[in-house]
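>>> Sequence below, structure please.
(one chain, ligands or ions: 1)
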Amino acid sequence: MRARLAAALLALTALLCGGAAAAVAEAPLSLAEVAPGVFVHQGRVENWLPTNGGDVANLGFVVGQRCVAVIDSGGTPALGQALRAAIARTTPLPVCYVINTHAHPDHVLGNAAFVSAAADAPRFVGHARLPAALGAREPYLRNALRRDFNQVLAPQDIVYPTLLVERRLSLDLGGRTLHLDAWPTAHTNHDLSVLDTHTRTLFLGDLLFVAHLPVLDGSLRGWLQVLADLRQMDVALVVPGHGAPSARWPAALDPQEQYLRQLLADTRAALRERLSIQQAVARIGSGALPGWWLTELFHRRNVTAAYAELEWEE
Ligand SMILES: [Zn+2]
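So this is what the prediction gives:
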C-alpha cells in the first residue's frame, strides 16, 4: 500500500514538474498595451544570456487598421517566434514591417521568425547604416549564439533590412502613421527611433536606458547632442530599449543624461591630468553608481570607450 502510494506520489510529482517545465518553455510572451494599439514586451534588466533566453530588450508592436509594425524582434529566433505568436493572439492583421532600432543582438536576432515567402511578407526596416553594422557584427552574433546559446544559425537567419532610412521615413499602417528618424552617431552609429503619431508613443531603442546602465557603442558627445534634440519632440509616452516605459517626458531622459555628462566630465579631467587609459579606468570605473543596474558589466567599458573618443579632442 505504502509502495503504491509512493509510486502515485512520484507520478504526480513528475506530472507537476513536467507540466511546470512545459509551462515555462511555452509561456506566452508577457505584453502590456501601453497606449491604444501599442503593445510592449518588457525584457529583463539583465545581460543577454542563455539563462534568460536572450529576453532582455523591450520589444513592441503597433496595430493599424491594415497591418502591424514590429519594433525590435528579440535576442534569439525563438524569442522572435514567441513575439510572432503574441501578435497573432492580439490581432488577425498581418505584420507588414519589422523595424530594428539598431544591430545589437537582443534587438535583431528574432527577425528570422518573421521571414516569409508570402506575397504579403513583412519588409525589414532600419537605419541606412544598419546593413554595414550587421555585417560587421555577424561573425560575433553567430559565435555568441553557438558558444553561449548552443544554437547554430542558418545563413539566412540574420536578416538585413531592405527598406533603409537616411533621415526620416513615414510608414502607413492604415489609419495610423509611424515616423522613423535615423539619428547621427549616439548609442551606436545607426540608431533609429519610431514615433506612433496617433498616440505620441516614442520607441527610442537604446537611445534611452532606464535602470539598466547606458552602454556606449557610438559617441558620448554625439549621444548628448541627440538627447538635446529628442527633448524638442512632442511625446506622451516613451519606450526605452531597456527598463520601464514612462509618461514623464522629457524628464525620463534625465538620469541617463546625468550619467553621460558625469562620464564626460570625469574622462576629460583624467585626460587633462594625463592619466593613462588604465589609470583613468581604475579611477573613474571604481565609483559607485546608485540607481543603476549592471554597472559591474558596463561602466568600466564605457570609460574605455569615452577615453578613446575624447583622447584626440582639442
Ligand atoms: Zn544596444
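>>> how about Leu93, what does it touch?
Residues in contact with Leu93 (CB atoms under 8 Å, 6 or more residues apart in numbering) are Val63, Gly64, Arg66, Cys67, Val68. The C-beta positions use only the backbone N, C-alpha and C, and glycine is treated the same way.
>>> Near Pro245, how many other residues are there?
21 (other CB atoms under 10 Å).
>>> wait, doesn't it sit right on Val239?
Yes - Pro245 lies in contact with Val239 (CB atoms under 8 Å); the separation is 4.6 Å.
>>> Need the overlap of contacts for those two.
What both Pro245 and Val239 touch, as defined by CB under 8 Å, 6+ apart, is the set Val34, Val40, Asn58.
>>> Could you dump the residues you listed into JSON lines with distance to Gly287 added?
Converted to JSON lines, these look like this (distance: CB to CB, whole Å):
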{"residue": "Val34", "distance to Gly287": "34"}
{"residue": "Val40", "distance to Gly287": "32"}
{"residue": "Asn58", "distance to Gly287": "28"}
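>>> Which of these fall in helices?
Within those, no residue falls in helices by DSSP state H.
>>> Now these in TSV, please, with extra columns for neighbour count.
Shown next, in TSV, are those (neighbours: other CB atoms under 10 Å):
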residue	neighbour count
Val34	19
Val40	22
Asn58	26
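>>> Excluding chain neighbours, what is closest to the residue of the stretch 1-150 of the chain found nearest the ion?
Relative to the ion, the nearest point of the stretch 1-150 of the chain is His104 (3.5 Å; CB to the ion). In space, His104 comes closest to Asp206 once its chain neighbours are excluded; the distance is 6.7 Å by CB to CB, 6 or more residues apart in numbering.
>>> Isn't that neighbour up against Gly241?
Yes - if you go by CB under 8 Å, Asp206 and Gly241 touch, sitting 3.7 Å apart.
>>> From the contact counts, what lies against the strand or helix carrying Leu227?
Here Leu227, judged by DSSP states H and E, is contained in helix 220-230. Other helices and strands packing on helix 220-230, by 3 or more CB pairs under 8 Å, 6 or more residues apart in numbering; DSSP states H and E, are strand 201-209, helix 254-272, helix 295-310.
>>> list the helices and strands the helix or strand that comes right after that helix packs on?
Using DSSP H and E, the helix or strand that directly follows helix 220-230 along the chain is strand 237-242. If contacts are counted by 3+ CB pairs under 8 Å, 6+ apart, strand 237-242 sits against strand 32-35, strand 201-209.
>>> out of those, deepest packed?
Each of those was scored by mean neighbour count; the highest is strand 201-209, a mean of 27, by mean count of other CB atoms under 10 Å.
>>> quick one: strands adjacent to that one?
Strand 201-209 has the following sheet partners, assigned by DSSP bridges: strand 192-196 (antiparallel), strand 237-242 (parallel).
>>> Which one of those lies nearest to the ion?
Judging the strands paired with strand 201-209 by CB to the ion, what sits closest to the ion is strand 237-242, at 6.0 Å.
>>> could I get the strands paired with strand 201-209 as a markdown table with mean neighbour count?
As requested, these are exported to a markdown table (neighbours: other CB under 10 Å):
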| stretch | mean neighbour count |
| --- | --- |
| strand 192-196 | 25 |
| strand 237-242 | 26 |
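>>> got TSV for the ones you listed, with mean pLDDT and distance to Leu145 too?
Output for the strands paired with strand 201-209, formatted as TSV (pLDDT from 0 to 100; distance: least, CB to CB, whole Å):
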stretch	mean pLDDT	distance to Leu145
strand 192-196	98	23
strand 237-242	98	20
